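Engineer: Whatever this is, show me its structure:
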Amino acid sequence: MRKETVKEYIDRLQSRGRYSFEKKEIIKELNISPGALKKTLSRLEEKNRIVMIRRGFYVVVPLEYRVSGILPPSWFIHQLMGVLKLPYYVGLLSAAALEGAAHQQPQQFQVVTEGQIRPILVKGLSIKFILKKDFPVREELKQVNTRSGYMWISEPELTAIDLLHYVGPSGGMNHVSTVLLELGEKIRAARLVRAAKKEKNLVYVQRLGHILDHIGHNDRTVKLAQWIQEKKPSRVLLDPGKPKGSAVFNDKWFVFVNRELEVDEL
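Structural biologist: Take a look at the predicted model:
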């Protein structure tokens, strides 16, 4: 019986809806030496048939993506995080975009995880990993179907809090406010309170509440405001990077409004 080639093995993976594999899988399946496999994989990389994302982890590039040379991260992120053995969810601007709330297409695919992982930059692909030690429970996440299975993304309420928690990677306060203009329509009041209760630092929740009110989503914040009033948190600056100055104090959210928010028209 003729032995299956590496190329045929990869074709078979794609025919079954799989677009990623580990090097050690092929060595085991085809009983091929690491040296011979390395040469074959290099040739297939030169032809843009596969791309190595991380050491030993490859993605399969179908014909329609040969020009760009890389697949959308959603096709393989779940498999990659499985290999890394780390919990994860697609978050921040990437999660907002999946909810239809992307003012501009995110330049990075943003993934929140418990581990410290270096960013992936290969062939125009940019995946940014954000470290979060207090990882959320599954109720704050949801599965979204992808071409190769599914991936986890944050629910809109957690996404909104994360945008303020990681305001730098999210493009700054003005950009976050613009994204929340659309994302706010997906936020559910009761679930927002539930997500806030799991956030150890209320600073981000307080800022979120003020911004949602400011951009006209105060109907989503009534229950959250009641909960914040009960908690009586510390007074915080809306923008920690600017001086307090003569900022007006918002006693609903215990926030000193020390900057104007500029929200782009959608």
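
Engineer: For the rest of this, base every contact and every neighbour count on C-alpha atoms.
Structural biologist: Noted.

Engineer: what about stretch 81-98, distance to the chain center?
Structural biologist: Relative to its chain's centre, stretch 81-98 lies at 5 Å (Cα atoms, centre = their mean, to the nearest Å).

Engineer: whoops, I mixed them up, stretch 18-32
Structural biologist: Stretch 18-32 sits 28 Å away from the centroid of its parent chain (Cα atoms, centre = their mean).

Engineer: what distance separates the start and the end of it?
Structural biologist: 21 Å (Cα to Cα, to the nearest Å).

Engineer: and that stretch, what's its mean pLDDT?
Structural biologist: The pLDDT scores in stretch 18-32 average 93.

Engineer: Buried residues of it, list them for me.
Structural biologist: Neighbour counts using 16 or more other Cα atoms under 10 Å place Arg18, Tyr19, Ser20, Phe21, Glu22, Lys23, Ile26 of stretch 18-32 among the buried residues.

Engineer: Just the ones of those residues in helices?
Structural biologist: Within these, residues falling in helices by DSSP state H are Lys23, Ile26.

Engineer: Make a markdown table out of the buried residues of stretch 18-32 and add distance to Lys47.
Structural biologist: Formatted as a markdown table, the buried residues of stretch 18-32 follow (distance: Cα to Cα, whole Å):
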| residue | distance to Lys47 |
| --- | --- |
| Arg18 | 19 |
| Tyr19 | 16 |
| Ser20 | 17 |
| Phe21 | 17 |
| Glu22 | 19 |
| Lys23 | 18 |
| Ile26 | 19 |
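
Engineer: Name the nearest of the buried residues of stretch 18-32 relative to Ala101.
Structural biologist: Tyr19 (27.5 Å; Cα to Cα).

Engineer: Distance check, that closest one against Met52.
Structural biologist: Taking Cα to Cα, one finds Tyr19 at 12 Å from Met52.

Engineer: what do you get for Ser33?
Structural biologist: 19 Å.

Engineer: These two: who's more crowded?
Structural biologist: Neighbour comparison, Ser33 and Met52: the larger count goes to Met52, with 19 against 11 (by other Cα atoms under 10 Å).

Engineer: quick revisit: now the common contact residues for Tyr19 and Met52.
Structural biologist: The contact sets of Tyr19 and Met52 overlap at Val59 (Cα atoms under 8 Å, 6 or more residues apart in numbering).

Engineer: Tell me where the stretch 151-266 of the chain is predicted with low confidence.
Structural biologist: Judged by pLDDT under 70, the stretch 151-266 of the chain has its weakly predicted residues at 265-266.

Engineer: And the strands in it, which stretches?
Structural biologist: Assigned by DSSP state E, counting those that start in this stretch, the stretch 151-266 of the chain shows strands spanning 236-237, 248-250, 255-257.

Engineer: now could you export just the CA positions of stretch 183-192 as CSV?
Structural biologist: The C-alpha trace of stretch 183-192 is given here as CSV (Å, rounded to 0.1, in the frame of the first residue of the first chain):
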residue,chain,number,x,y,z
LEU,A,183,-22.0,47.9,21.5
GLY,A,184,-24.2,49.5,24.1
GLU,A,185,-27.3,48.4,22.1
LYS,A,186,-26.3,44.8,22.8
ILE,A,187,-25.8,45.3,26.6
ARG,A,188,-28.4,43.8,28.9
ALA,A,189,-28.9,45.6,32.2
ALA,A,190,-29.1,42.6,34.5
ARG,A,191,-26.1,40.9,32.9
LEU,A,192,-24.1,44.1,33.1
